[in-house]
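A.B. asks: next come a sequence and a model predicted from it.
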Amino acid sequence: MTAPPVQLDNFSVRFGEFQALDRVTLEVPQGAFVAILGPNGAGKSTLLKALLGIASGILRDAPTSVSGSVKVFGNTPQNVKAGWVGYVPQVKSFDRSFPALSLEVVVSGLRRSWPFIVTLQERKKAEAMLEQVGALQLANRRLGRLSGGELQRVYLARSLIREPKLLLLDEPATGVDAVGEADLYRHLETYQRQSGATVMMITHDWEAAQHHASAVLLINRRVIEYGLPADVMCPNCLAQAFGHVGHSHGLVSGRR
Amino acid sequence: MLEALQLPFIQRALIAGLLVGGLASYLGVLVVQRRLSFLGDGLAHAAFAGVAIGLFLHEEPLWIAIPFAVGVSLAITWVRERSNLGDDTAIGIFFAVSVALGVLFMSMRQGFAPDAVAYLFGSILTVTQVDLWVMGSIALVVALMAPLWRNWAYATFDRELALADRQPVLLHDYLLSALIALVVVASVKVVGIVLIAAFIVIPAATARLLTQTFASMTLLSVAIGVVSVIPGLVASYIFDVPTGSAIVLVQALLFALALAVRR
């Protein structure tokens, strides 16, 4: 039997006095599309970084203590086979002044290092991936001159080039306009459907979570609720996670 | 000038200038892109403290300056990694301590120290065979670590992605710091403590203005770093001006031109 893509058991992360994640227990099955919802500071990014095996490097000035277990495909995150996990970071983490072409960014995902020279084979593969996410025309554009939506497509192509079995996305729709956002979710759904990969995406967009995800993880340092969107996005659960229900979204399901 | 090239001390000066110009401008792209331009100054002053201790102890200054500057460089990196103080603050603290130590040991030395002046402002024409061996060895170390360029570049682009892709980013940071310190010390005699930072920063900044990729930025930076040495050396020979200043002014001129023509 294949191990599930994500398995956390009583997993906690503490940065100094700050409890970022508190006894999180979670199992995500193969092929799920999980939207991670929660207020700012709820530990959403820490959770993704724990799955990437880099949670301890988040804060420099506070000692990080980690307890419990986190398994990705049955292994510790550090020992997962190369290329099995894809990652789309928050766009704001990228230095826009770095001189790079979109194509190089995609190739960096293939090589897991920065290319000095892009080989013909790598170019073809990167262009094919860019085409798949509707961004072939961006191949030779400078990264620093791309819009938020264009940048996100390039990062998506980068993360998909090794055909990951688990794709982690940290607020991929930030800075993307409505059309770009719809495109992004369409590409994600297509990839997920065709490859059977598991997708875990942090979002603040409740509507996107409800329409595109097969499961929602509601988190505020600890797991508030995890399950089908219609079940999880109930007023009580949302109030527990956010401290308010978010009537303005008009999205809460009928469950009380 | 061609006859001058027959002179051994001019030959040594040319080789030293080309080596230092290439090394400083190669690592300079990482320094500039990581916004660590102040690091060159900080390490130059660490080298100053090392030189001062060496002169005080009547030892070859380079042998003291090399471990001292490498130690300071690693300490700066350690503070940067372990705190949220900010790079400029971490560097600034060690900069101040190094200057204090340098001044202290210089003042404890009896009488006028003309050799100290040579280290402060550079004295490329007094480069010895030993200096060349030291520079050559450092160049060899940097060349052997050339494959790490792709890892350093990746972490410079996005540290988080590099970490997520299992790069030993912290180890690479320490290695890079140590290499920069070595190159700074190697540059002391050629360009002087006061102007070393320019050797690291100006070619890389010029290349940054004219290129679209990090690889081409690196190549152009090295080309500028190497090529600018020749007119600098010629100007220094003809007009009898300090070589380090002449080279830096040539680099600054190229930077101004790049600024004017950049798209």
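C.D. replies: Cool, the structure landed. Because the structure is predicted, anything quoted here is derived from the model rather than measured.
A.B. asks: going forward, measure contacts and count neighbours with C-alpha atoms only.
C.D. replies: Will do.
A.B. asks: which residues touch whichever strand or helix holds B:Ala197?
C.D. replies: Assignment of secondary structure by DSSP states H and E places B:Ala197 within helix B:196-210. Outside helix B:196-210, the residues within contact range by Cα atoms under 8 Å, 6 or more residues apart in numbering or on different chains are A:99, B:21, B:24-29, B:31-32, B:37-41, B:44, B:184, B:187-188, B:217-218, B:220-222, B:224-225, B:248, B:251-252, B:254-255, B:258-259, B:262-263.
A.B. asks: drop anything exposed from those.
C.D. replies: When burial is judged by neighbour count using 16 or more other Cα atoms under 10 Å in any protein chain shown, the buried members of the contacts of helix B:196-210 are A:99, B:21, B:24-29, B:31-32, B:37-41, B:44, B:184, B:187-188, B:217-218, B:220-222, B:224-225, B:248, B:251-252, B:254-255, B:258.
A.B. asks: give me the below-cutoff pLDDT ranges for the stretch 101-250 of chain B.
C.D. replies: In the prediction, the stretch 101-250 of chain B carries residues with pLDDT under 70 at positions B:110-114.
A.B. asks: phi, psi for the closest residue to chain B within the stretch 101-250 of chain A please.
C.D. replies: Closest to chain B within the stretch 101-250 of chain A is A:Trp114: 4.6 Å, counting by Cα to the nearest Cα. Comment: the main-chain dihedrals of A:Trp114 come out as phi -90, psi 130, following degrees, to the nearest 10.
A.B. asks: OK, contacts around it?
C.D. replies: Taking Cα under 8 Å, 6+ apart as the contact definition, A:Trp114 lies against A:104-105, A:107-108, B:150-151, B:153-154.
A.B. asks: now do A:Glu163
C.D. replies: By Cα under 8 Å, 6+ apart, A:Glu163 lies in contact with A:83-84, A:86, A:195.
A.B. asks: which of these fall in helices?
C.D. replies: A:Ser195 (DSSP state H).
A.B. asks: helix, strand or coil for A:Glu225?
C.D. replies: strand (DSSP: H, G, I helix; E, B strand; the rest coil).
A.B. asks: quick one: which of the contacts of A:Glu163 is most hemmed in?
C.D. replies: A:Gly86 (25 neighbours; other Cα atoms under 10 Å in any protein chain shown).
A.B. asks: surely that residue and A:Leu167 touch.
C.D. replies: Yes - applying Cα atoms under 8 Å, one finds A:Gly86 in contact with A:Leu167, separated by 4.6 Å.
A.B. asks: what's the overlap in contacts for these two?
C.D. replies: Residues touching both A:Gly86 and A:Leu167 comprise A:Ser159, with contact defined as Cα under 8 Å, 6+ apart.
A.B. asks: where exactly do the strands run in the stretch 151-256 of chain A?
C.D. replies: Assignment of strands within the stretch 151-256 of chain A using DSSP state E, counting those that start in this stretch yields the ranges A:166-170, A:198-202, A:215-220, A:222-227.
A.B. asks: and the stretch 51-200 of chain A, which residues reach chain B?
C.D. replies: When proximity is defined as Cα under 8 Å from any Cα of the partner chain, the stretch 51-200 of chain A approaches chain B at A:52-54, A:60-61, A:78, A:87, A:89, A:93-95, A:97-101, A:108, A:112-117, A:142.
A.B. asks: picking up where we left off before, of the contacts of A:Trp114, which belong to helices?
C.D. replies: Under the assignment DSSP H, these contribute A:104-105, A:107-108, B:150-151, B:153-154 to helices.
A.B. asks: just to revisit the earlier point, show the pLDDT at the residue of the stretch 101-250 of chain A closest to chain B.
C.D. replies: A:Trp114 is assigned 96 on the pLDDT scale.
A.B. asks: I'd like to know how far it sits from B:Ile224.
C.D. replies: The gap separating A:Trp114 from B:Ile224 is 23 Å, by Cα to Cα, to the nearest Å.
A.B. asks: please apply the same query to A:His212.
C.D. replies: In this structure, A:His212 and B:Ile224 are 52 Å apart, going by Cα to Cα.
A.B. asks: how about A:Thr64?
C.D. replies: Looking at A:Thr64 against B:Ile224, where the rule is Cα to Cα, the gap reads 44 Å.
A.B. asks: and if you look at B:Leu101?
C.D. replies: When distances are taken as Cα to Cα, B:Leu101 and B:Ile224 turn out to be 34 Å apart.
A.B. asks: ok, A:Pro39 next?
C.D. replies: Counting by Cα to Cα, the separation of A:Pro39 from B:Ile224 is 50 Å.
A.B. asks: A:Gln152 too?
C.D. replies: With the distance defined as Cα to Cα, A:Gln152 ends up 35 Å from B:Ile224.
A.B. asks: would you confirm that B:Gly244 contacts B:Ile193?
C.D. replies: No - with contact defined as Cα under 8 Å, B:Gly244 does not count as touching B:Ile193 (10.0 Å).
A.B. asks: shared neighbours, these two?
C.D. replies: Where contact means Cα under 8 Å, 6+ apart, the residues bridging B:Gly244 and B:Ile193 through contact with each are B:121-122.
A.B. asks: residues from the stretch 101-250 of chain B in reach of chain A?
C.D. replies: For the stretch 101-250 of chain B, the residues in contact with chain A (Cα under 8 Å from any Cα) are B:150-151, B:153-154, B:157-158, B:160-166, B:208, B:211-215, B:217.
A.B. asks: which of the residues you listed fall in strands?
C.D. replies: Counting by DSSP state E, none of the members of those fall within strands.
A.B. asks: which SS class is A:Leu8?
C.D. replies: For A:Leu8, the assignment made with three-state DSSP gives strand.
A.B. asks: mind listing the residues bridging to it?
C.D. replies: Counting by DSSP bridges, A:Leu8 is bridged to A:Leu26, A:Val70.
A.B. asks: residues touching it, list them.
C.D. replies: Counting by Cα under 8 Å, 6+ apart, A:Leu8 makes contact with A:24-27, A:68-71.
A.B. asks: number of nearby residues for B:Val169?
C.D. replies: 19.
A.B. asks: for it, give me its contacts.
C.D. replies: The contact partners of B:Val169, taken as Cα under 8 Å, 6+ apart, are B:151-152, B:155, B:159, B:162-163.
A.B. asks: what's the most distant pair in the residues you listed?
C.D. replies: B:Trp152 and B:Leu163 (11.6 Å; Cα to Cα).
A.B. asks: got the residue ranges for the strands in chain B?
C.D. replies: Taking DSSP E to define them, one finds no strands in chain B.
A.B. asks: next, name the residue at the spatial heart of it.
C.D. replies: Residue closest to the average C-alpha location in chain B (Cα atoms, centre = their mean): B:Val184, at 3.4 Å.
A.B. asks: thought it was touching B:Leu39?
C.D. replies: No - here B:Val184 does not reach B:Leu39: they are 10.0 Å apart, not a contact under Cα under 8 Å.
A.B. asks: contact partners for the closest residue to B:Thr126 other than its chain neighbours?
C.D. replies: Closest residue to B:Thr126 in three dimensions, ignoring its sequence neighbours and counting by Cα to Cα, 6 or more residues apart in numbering or on different chains: B:Phe9, at 7.0 Å. B:Phe9 makes contact with B:125-128 under the criterion Cα under 8 Å, 6+ apart.
A.B. asks: quick check on the residues of the stretch 51-200 of chain A next to chain B: which are buried?
C.D. replies: Here, 16+ other Cα under 10 Å leaves A:52-54, A:60, A:78, A:87, A:89, A:94-95, A:98-101, A:108, A:112-116, A:142 buried among these.
A.B. asks: restricted to helices, list those residues.
C.D. replies: A:52, A:108.
A.B. asks: where do the helices sit along the stretch 151-263 of chain B?
C.D. replies: For the stretch 151-263 of chain B, helices defined by DSSP state H, counting those that start in this stretch occupy the ranges B:159-164, B:169-191, B:196-210, B:214-227, B:229-239, B:243-261.
A.B. asks: pull out the buried residues from the longest one.
C.D. replies: I take that to be helix B:169-191. Neighbour-count burial for helix B:169-191 [16+ other Cα under 10 Å]: B:169-170, B:172-191.
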